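S.K.: Generate coordinates for the sequence data below:
(chains A, B and C)
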Amino acid sequence: MREIWAVAEKDLRIELRSRIVASQVLPFALIVLILFGLALDADKATLRAFTPGLFWITVLFTSILTIQRSVAVEVESEAFESLRLAGTAPWRIFAGKALAVSVQLIAIEVVLAVGVIVLYRSSFEAPGVAAVGALSATVAIASAGSLYGVLAVGNGVRDTILPMLLLPVLAPVLIGATRAFDAGLGTAAVNGWAWAGLLGVVAIIYGTIGAAAYGVVLEDA
Amino acid sequence: MSESTNVATTGSRTTQILGFVVLLGLSVVFVLAFVVTEPDAVQQDAVRMFYIHVPAAIVALYLTVPALAVASAMALYKKTRWWDITAAAAAELGVVFCGLTLVTGVIWGRPIWNTWWEWGDVRLLTTLVLFLMLLGYLAYRRSVVDPGTRARRSAVIALVASTNVLLVNRSVIWWQNRTLHQKSSLIEGRLEDMKLFTFALSTLVFAVMFFWMMIHRFRIGWLEHKIETVGVDAAIAERRASAHAGLDEAISHPALEKEGST
Amino acid sequence: MTTIAMTHVGYLIAGWGITFTVLGLYSISLVRRGRALSTQVPAGQQRWIDTDE
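M.R.: Below is the predicted model:
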């Protein structure tokens, strides 16, 4: 547990120092939110009704950048190498990386939530189910993303392949998170808790696969 | 065609027989589907799409995906090129049959559901996501240089993708809670004998076709593997030869040097 | 000439036509790729020639 936290803390500390995510990725997320507003012709009813979908599409796009940054940090500092030499188990490195990505994504989601309240005039009528759904979805995205992020570096692989690999895999997360937010924002009458539960299951599955496969993938990073 | 020992082909006696069976089978299926079977009471003649759409879907979902998953798991476990090449072959066929399932599904959906694409349909969506993941898998394979790395990493991607098919399927079922697809024309016993026979034969022929394609595609992968190895051998030999040419040249070609050392 | 007494002819031609075209072209491409590659590899390394014939 301490090793996991050490890996996560290192990533978060690098972020606090460099502010790449805060100064580049977060503004990107807000710009996407604003562009949706412009594209949908500032139609308030439409924006409100589509908020869950727009919110999670924005998170997915943003997660690509966050994950690429998370991998770049390792590659630049050759940290994977030193972690492996230090004898840290691959699954612990994976958990640490996924935890750091989750924390950053949650911070971005909080800002986006304020953004949709202000810009789209949405209101969180059932914040509990929205929060639990968002948390599970974030862990699922960070888990799948941390695994695929490493796949997309080294050995002639260009990082342009990451969205193509990752986004279809995240399709169930998008469906689930959007439904959970439908319940949370009151935009559709759905059983939000069931969706939050499904997202939890997806997060556990992705987390398990990522932890199991990270060693194989790291071998070649 | 076995007169000569160095015939430049991936064919063999086995594939010739399989290929002949496929061609014969497809002709029979064609006659059965368009001449022998009766139109459906509701769908009229559009029902004849059934005889290619469903067999393609069955091959895509129940042959290529399990083959890809098993081959990838074995590639990780046994670490042999044989399994890796099999996985690559299965994925390519998966793209072909998923693509056909989608196209025929869209064409069939238009007259029957009155729409090309139906978001509410579970199987159509599942197949689409599978199709996209397979495309990503193949794109990934093309981009990795080192064969060993390619085998390990693409096996991970394939296993994630095959697990994910189940998740996509589950979530879409929950999402829509309804589906336009006839749940099971088979189980409900709505198919008369001749239609059932035509469908079963078509599925069988598609399955044989799958094996014919797998064998050929595997052999192509095997040949590529051989050429890759021969290429590496040649490069090493070249390096050895140029090493004799003197140290100066090695220094004046730093790029070459780097390439040789990897 | 008798007219084709069939509904949805266009859809059927498109569906069956695309399927057979794609499968046919893919099969031909498989065989041709195999032939092209076979010439580059010595016969001894093509296992199926030894085992199948």
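S.K.: What about the residue of the stretch 101-250 of chain B found nearest chain C, how many residues nearby?
M.R.: Nearest residue of the stretch 101-250 of chain B to chain C: B:Leu223, at 3.9 Å (CB to the nearest CB). To be clear about C-beta, it is placed using only N, CA and C from the backbone, and glycine gets the same treatment. B:Leu223 has 22 neighbours, counted by other CB atoms under 10 Å in any protein chain shown.
S.K.: Spit out the contact partners of it.
M.R.: Residues in contact with B:Leu223 (CB atoms under 8 Å, 6 or more residues apart in numbering or on different chains) are B:Thr10, C:Gly34, C:Leu37, C:Ser38, C:Gln40, C:Val41, C:Gln46.
S.K.: can you put the residues you listed in CSV and add secondary structure?
M.R.: Formatted as CSV, these follow (DSSP: H, G, I helix; E, B strand; the rest coil):
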residue, secondary structure
B:Thr10, coil
C:Gly34, helix
C:Leu37, helix
C:Ser38, helix
C:Gln40, coil
C:Val41, coil
C:Gln46, coil
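S.K.: follow-up on the earlier one: show the pLDDT at the residue of the stretch 101-250 of chain B closest to chain C.
M.R.: Model confidence at B:Leu223, given as pLDDT, is 90.
S.K.: coming back round to it: buried ones among the contacts of B:Leu223?
M.R.: B:Thr10, C:Gly34, C:Leu37, C:Ser38, C:Val41, C:Gln46 (16 or more other CB atoms under 10 Å in any protein chain shown).
S.K.: From the residues you listed, pick the one nearest chain A.
M.R.: Using CB to the nearest CB, the buried ones among the contacts of B:Leu223 come closest to chain A at C:Leu37, 21.9 Å.
S.K.: I'd assumed B:Glu228 was in contact with the closest one.
M.R.: No - counting by CB atoms under 8 Å, C:Leu37 stays clear of B:Glu228, with 11.0 Å between them.
S.K.: Please report phi then psi for B:Gln44.
M.R.: Dihedral angles phi and psi of B:Gln44 (degrees, to the nearest 10) take the values phi 50, psi -130.
S.K.: What is the neighbour count of it?
M.R.: Around B:Gln44 there are 14 residues (other CB under 10 Å).
S.K.: what residues are up against the spatially closest residue to C:His8 that is not a sequence neighbour?
M.R.: Closest residue to C:His8 in three dimensions, ignoring its sequence neighbours and counting by CB to CB, 6 or more residues apart in numbering or on different chains: B:Ala46, at 4.2 Å. Shown in contact with B:Ala46 (CB under 8 Å, 6+ apart): B:Asp40, B:Trp108, B:Pro111, B:Ile112, C:Thr7, C:His8, C:Tyr11, C:Leu12.
S.K.: So among the buried ones among the contacts of B:Leu223, where is pLDDT lowest?
M.R.: Checking pLDDT across the buried ones among the contacts of B:Leu223, the minimum falls on C:Gln46 at 67.
S.K.: do you know how far the closest residue to chain B within chain C is from B:Trp222?
M.R.: Using CB to the nearest CB, the closest approach of chain C to chain B is made by C:Gly34 at 2.9 Å. To B:Trp222, C:Gly34 is 10 Å away according to CB to CB, to the nearest Å.
S.K.: any low-confidence regions in chain C?
M.R.: Filtered on pLDDT under 70, chain C yields the residue ranges C:1-5, C:43-53.
S.K.: Please enumerate the strands of it.
M.R.: Applying DSSP state E to chain C gives no strands.
S.K.: residues from chain B in reach of chain A?
M.R.: B:76, B:129, B:132-133, B:135-136, B:139-140, B:143-146, B:148-150, B:152-153, B:155-157, B:159-161, B:163-164, B:167-168, B:170-172, B:174-175 (CB under 8 Å from any CB of the partner chain).
S.K.: Type out the PyMOL command that picks the buried ones from the residues you listed.
M.R.: In PyMOL, a selection of the buried entries from these looks like this (16+ other CB under 10 Å):
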select buried, chain B and resi 76+129+132+133+135+136+140+144+149+150+152+153+155+156+157+159+160+161+163+164+167+168+170+171+172+174+175
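S.K.: Narrow the contacts of B:Ala46 to those in helices?
M.R.: B:Trp108, B:Pro111, B:Ile112, C:Tyr11, C:Leu12 (DSSP state H).
S.K.: near chain C, which residues of the stretch 101-250 of chain B?
M.R.: Taking CB under 8 Å from any CB as the contact definition, the stretch 101-250 of chain B meets chain C at B:103-104, B:107-108, B:110-111, B:209, B:212-213, B:216-217, B:219-220, B:222-224, B:226-227, B:230.
S.K.: among those, which ones are buried?
M.R.: The buried subset of those - by 16+ other CB under 10 Å - is B:103-104, B:107-108, B:110-111, B:209, B:212-213, B:216-217, B:219-220, B:222-224, B:226.
S.K.: Please enumerate the helices of chain C.
M.R.: Under DSSP H, chain C gives helices at C:9-38, C:47-52.
S.K.: ok, and for the longest one, which residues are buried?
M.R.: If I follow you right, that is helix C:9-38. Neighbour count says helix C:9-38 has C:11-12, C:14-16, C:18-19, C:22-23, C:26-27, C:30-31, C:33-34, C:37-38 buried, by 16+ other CB under 10 Å.
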